[in-house]
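S.K.: Let's see this in three dimensions:
(chains A, B, C and D)
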Protein chains: 2
Amino acid sequence: MNLQQLRYINEVVRQGLNVSAAAEALFTSQPGVSKQIRQLEDELGVEIFARQGKRLVEVTEPGREVLAIAARMLGDLDNLRQVGAEFSNESVGKLSIATTHTQACYVLPKVVHAFIERYPQVGLSLQQGNPPQVCELVRSGRADLVIATESVADYPELLSLPCYEWNHCIIAPLGHPVLDTAPLSLNEIARWPIVTYDSAFTGRNQINRAFQSHGLEARVVLTALDADVIKTYVRMELGIGIVARMAYDPTLDIGLGMLDAGHLFDSSVTHLGLRRNAWLRSYTYDFIELFAPHLTRRVIDRALKADGSEYAI
Amino acid sequence: MNLQQLRYINEVVRQGLNVSAAAEALFTSQPGVSKQIRQLEDELGVEIFARQGKRLVEVTEPGREVLAIAARMLGDLDNLRQVGAEFSNESVGKLSIATTHTQACYVLPKVVHAFIERYPQVGLSLQQGNPPQVCELVRSGRADLVIATESVADYPELLSLPCYEWNHCIIAPLGHPVLDTAPLSLNEIARWPIVTYDSAFTGRNQINRAFQSHGLEARVVLTALDADVIKTYVRMELGIGIVARMAYDPTLDIGLGMLDAGHLFDSSVTHLGLRRNAWLRSYTYDFIELFAPHLTRRVIDRALKADGSEYAI
DNA sequence: CCATATTACGGTTTGCGTAAGAATC
DNA sequence: GATTCTTACGCAAACCGTAATATGG
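M.R.: Presented below is the predicted three-dimensional model:
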């Protein structure tokens, strides 16, 4: 048994049980992959893949177990490389962050700025997507950490750490009557057409719940994936916007007024997700602490290692 | 990088940084081991071992990280083989249990009997030792599970599951006046010379604490590692014995009388220890359930997977 | 001087790629 | 017939063991 075989079966699954595609993705020959997989199956004494004639059609039950263990081993292989890189030079490396638009645009800029100043030799990359997508990037090892408000806690493979709590606000073109309301109420908001986030995004659940629990129906005339688009349509006077509070900047968002709506909706919590049993570079700890000061190295390590060691009778 | 290199560094540490000994233990040549270790260090870009001239003198800091990850990977390698064995034939295999004398003699016999009847093709082996020793056997992969009253929870690498609660009793030669006391009190016990367990064994702590908290001094004239030895000396009228309740059997222990002392001492809890992220054979689950019926497969899996995924802000 | 680790070298094994063959859609 | 996996075969690299060399107690 060797690690190459584990890489092969892992990639074959990733490619939807297509050995040829896996071989190509791993820059090797297809017969080589095929043969190594057979060898692994022979050695373990179980079929990992069920075949129909000459085609792989599904992962067997033992295969699922094997693949789960193999994935962890490959993750550990990555970890070994991380350790090597860390101790070779602790301020050179890469850091790949998977996140959503809201975080990338309104929260991360100042964190990223501080980080690249501190670690000029770390290649930082932001990968954007919707919550399930960015979680998947981390799960599969293509990103080091995910920052998102939704989904993170739904991935059992990820350790989910709450970072900060936030709420929504109302935006409207300057001069819009809603901006003069004080105090702002759900009834008042419900009088106007609304532009807000797409479902399953950036706390949209909290918005729906608030209206429902007050027996109100919000007239959502348009939903969008991010606050920039929402602002655009609010400027066009299509309606008033409900966006994350941090997405409004009085100096940049000229022509728009804002009213805090924190008292009207349940707050949302932005989470940070890490692969469990990932080994983190020191600059990764620092990045996280820049982002969420309460998440010190100590706290993160404790969370990664915590394992529920003692169970009641 | 390959798994062999990980085996090598792991064994070198186990052999006290002696490459020759490691080579011998792994049935290979010493230069081969030496070279592979160098290759691994080159590939990772860090020294795993610090050398003085031609001798390995200590594990470096990156080395410690590397070794920890390597150990997990080797554990997973074992797990892969377990999966293979399980699905090849789920009632053939081996099960190695590390435990203390008390468990092996007085608790396990009926469990073992039921197990070998159910799984005649599983080679069962009991390894005996003191609590730290048996924990270490499991930690290093030389045993599958540990059953002991002490130490298990002290090993962070082990998942510790409480199994059952028990207490002590007093034994004395038939006709000894202490046997007529009712109710039995600590004061009464303290009047006599005592034979009991060695420290760090089988609930000895609970015994000490009870006397201390009552301002009494127990006259312990002899300590022993196991109940059989204690009984022998009690028969010799060296004193009265304090042993685990389950160590007394009225039909076997002729010439000895027993008084329950459950109301005098804090109870002890016997624990079962498993390597975290071990993959268990189905018969291992069954063995555990035979031993502690509340530890069903479901419960064990939940405990193994529990990881403290959600942390408060 | 003995024990121990590294370097050097040759043989075997293993893994990989090309080419051909078989099976399924 | 096109795609996809398996088998066959030859080459190259990696691994391992023996022998020789260097280093420290």
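
S.K.: Now do the helices in the stretch 51-200 of chain A.
M.R.: Using DSSP state H, counting those that start in this stretch, the helices of the stretch 51-200 of chain A run over A:61-88, A:101-102, A:108-118, A:131-139, A:186-190.

S.K.: can you put these in JSON lines and add distance to DNA strand C and mean neighbour count?
M.R.: Heads up, the C-betas are built off the backbone N, CA and C, glycines and all. Shown next, in JSON lines, are the helices of the stretch 51-200 of chain A (distance: least, CB to the nearest atom of the strand, whole Å; neighbours: other CB atoms under 10 Å in any protein chain shown):
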{"stretch": "helix A:61-88", "distance to DNA strand C": "15", "mean neighbour count": "20"}
{"stretch": "helix A:101-102", "distance to DNA strand C": "40", "mean neighbour count": "23"}
{"stretch": "helix A:108-118", "distance to DNA strand C": "37", "mean neighbour count": "14"}
{"stretch": "helix A:131-139", "distance to DNA strand C": "26", "mean neighbour count": "21"}
{"stretch": "helix A:186-190", "distance to DNA strand C": "53", "mean neighbour count": "16"}
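
S.K.: Make CSV out of those and add distance to B:D42 and mean pLDDT.
M.R.: Output for those, formatted as CSV (distance: least, CB to CB, whole Å; pLDDT from 0 to 100):
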stretch, distance to B:D42, mean pLDDT
helix A:61-88, 10, 95
helix A:101-102, 43, 92
helix A:108-118, 30, 95
helix A:131-139, 30, 94
helix A:186-190, 64, 93
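
S.K.: DNA strand D: which of those helices is closest?
M.R.: helix A:61-88 (13.1 Å; CB to the nearest atom of the strand).

S.K.: Check which helices and strands that closest one sits against.
M.R.: Applying 3 or more CB pairs under 8 Å, 6 or more residues apart in numbering or on different chains; DSSP states H and E, we find helix A:61-88 packed against helix A:3-14, helix B:30-44, helix B:61-88.

S.K.: Including distance to DNA strand D, could those go into TSV?
M.R.: Listed next are the helices and strands packed on helix A:61-88 as TSV, based on distance: least, CB to the nearest atom of the strand, whole Å:
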stretch	distance to DNA strand D
helix A:3-14	8
helix B:30-44	4
helix B:61-88	15
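
S.K.: Redo those helices as TSV? Include distance to A:G241.
M.R.: Output for these, formatted as TSV (distance: least, CB to CB, whole Å):
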stretch	distance to A:G241
helix A:3-14	39
helix B:30-44	51
helix B:61-88	48
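
S.K.: Which of the helices of the stretch 51-200 of chain A sits closest to B:Y248?
M.R.: Ranking the helices of the stretch 51-200 of chain A by proximity to B:Y248 (CB to CB) places helix A:61-88 first, at 44.1 Å.

S.K.: Now do that closest one against helix A:3-14, angle only.
M.R.: Interaxial angle of helix A:61-88 relative to helix A:3-14 (axes from the mean of the first three to the mean of the last three CA atoms, to 10 degrees): 120 degrees.

S.K.: Up against DNA strand C, what does chain A have?
M.R.: Contacts of chain A with DNA strand C, taken as CB under 7 Å from any atom of the strand, map to A:2, A:4, A:27-32, A:35-36, A:39, A:52-55.

S.K.: hmm, try it at 6 Å
M.R.: Proximity of chain A to DNA strand C, by CB under 6 Å from any atom of the strand, involves residues A:2, A:4, A:28-29, A:31-32, A:36, A:52-55.

S.K.: how close does A:L184 sit to B:L40?
M.R.: 63 Å (CB to CB, to the nearest Å).

S.K.: Look up phi and psi at A:K54.
M.R.: phi -110, psi 20 (degrees, to the nearest 10).

S.K.: just A:T251 next, same as before
M.R.: phi -80, psi -30.

S.K.: Next, count neighbours for it.
M.R.: 5 (other CB atoms under 10 Å in any protein chain shown).

S.K.: likewise A:I37?
M.R.: Neighbour count of A:I37, defined by other CB under 10 Å: 20.

S.K.: For the stretch 101-250 of chain A, which residue gets nearest to chain B?
M.R.: Nearest residue of the stretch 101-250 of chain A to chain B (CB to the nearest CB) works out as A:P162 at 4.6 Å.

S.K.: re earlier: can you tell me which of the residues of chain A next to DNA strand C is closest to DNA strand C?
M.R.: Distance ranking of the residues of chain A next to DNA strand C against DNA strand C, using CB to the nearest atom of the strand, places A:G53 first at 2.2 Å.

S.K.: And the closest residue to A:Q39 other than its chain neighbours, what's its pLDDT?
M.R.: Nearest non-adjacent residue to A:Q39, counting by CB to CB, 6 or more residues apart in numbering or on different chains: A:Q5, 6.7 Å away. A:Q5 carries a pLDDT score of 95 in this model.

S.K.: In the stretch 151-300 of chain A, where is pLDDT below threshold?
M.R.: Across the stretch 151-300 of chain A, nothing is flagged by pLDDT under 70.

S.K.: ok, the residue nearest to A:Q39 - how many residues close by?
M.R.: 21.

S.K.: Surely it is in contact with A:L40?
M.R.: Yes. Taking contacts as CB atoms under 8 Å, A:Q5 lies within contact range of A:L40: 4.2 Å.

S.K.: quick one: A:S140 and A:R14 touch, right?
M.R.: Yes. Using CB under 8 Å, A:S140 makes contact with A:R14 at a distance of 7.4 Å.

S.K.: what about stretch A:211-223, start to end distance?
M.R.: 16 Å (CA to CA, to the nearest Å).

S.K.: Show me what it is in contact with.
M.R.: Outside stretch A:211-223, the residues that touch it by CB atoms under 8 Å, 6 or more residues apart in numbering or on different chains are A:186-187, A:189-190, A:192-199, A:204, A:207-208, A:230, A:233, A:238-239.

S.K.: mind redoing it with 7 Å?
M.R.: Residues from elsewhere that reach stretch A:211-223, judged by CB atoms under 7 Å, 6 or more residues apart in numbering or on different chains: A:186-187, A:190, A:193-198, A:233, A:238-239.

S.K.: and the two most separated of those?
M.R.: Taking CB to CB, no two of those sit farther apart than A:N187 and A:D198, at 24.6 Å.

S.K.: which ones are touching the residue nearest to A:P132 when sequence neighbours are not counted?
M.R.: Spatial nearest neighbour of A:P132, chain neighbours left out: A:S151 (5.3 Å); criterion: CB to CB, 6+ apart. Applying CB under 7 Å, 6+ apart to A:S151 gives the contacts A:131-132, A:135.

S.K.: And for A:S185?
M.R.: Contacts of A:S185 (CB under 7 Å, 6+ apart): none.

S.K.: The stretch 101-250 of chain A against chain B: which residues are in contact?
M.R.: Residues of the stretch 101-250 of chain A lying close to chain B (CB under 7 Å from any CB of the partner chain) are A:153, A:156, A:159-162, A:165.

S.K.: rerun at 10 Å
M.R.: Selection of the stretch 101-250 of chain A residues close to chain B by CB under 10 Å from any CB of the partner chain yields A:152-153, A:155-165.

S.K.: Chain A: strands as residue ranges?
M.R.: All strands of chain A, identified by DSSP state E, fall at A:49-52, A:55-59, A:93-99, A:122-128, A:145-148, A:158-166, A:168-173, A:194-197, A:220-224, A:240-244, A:256-260, A:268-275.

S.K.: how about the second one: buried residues?
M.R.: Within strand A:55-59, the residues that qualify as buried are A:56, A:59, counting by 16 or more other CB atoms under 10 Å in any protein chain shown.
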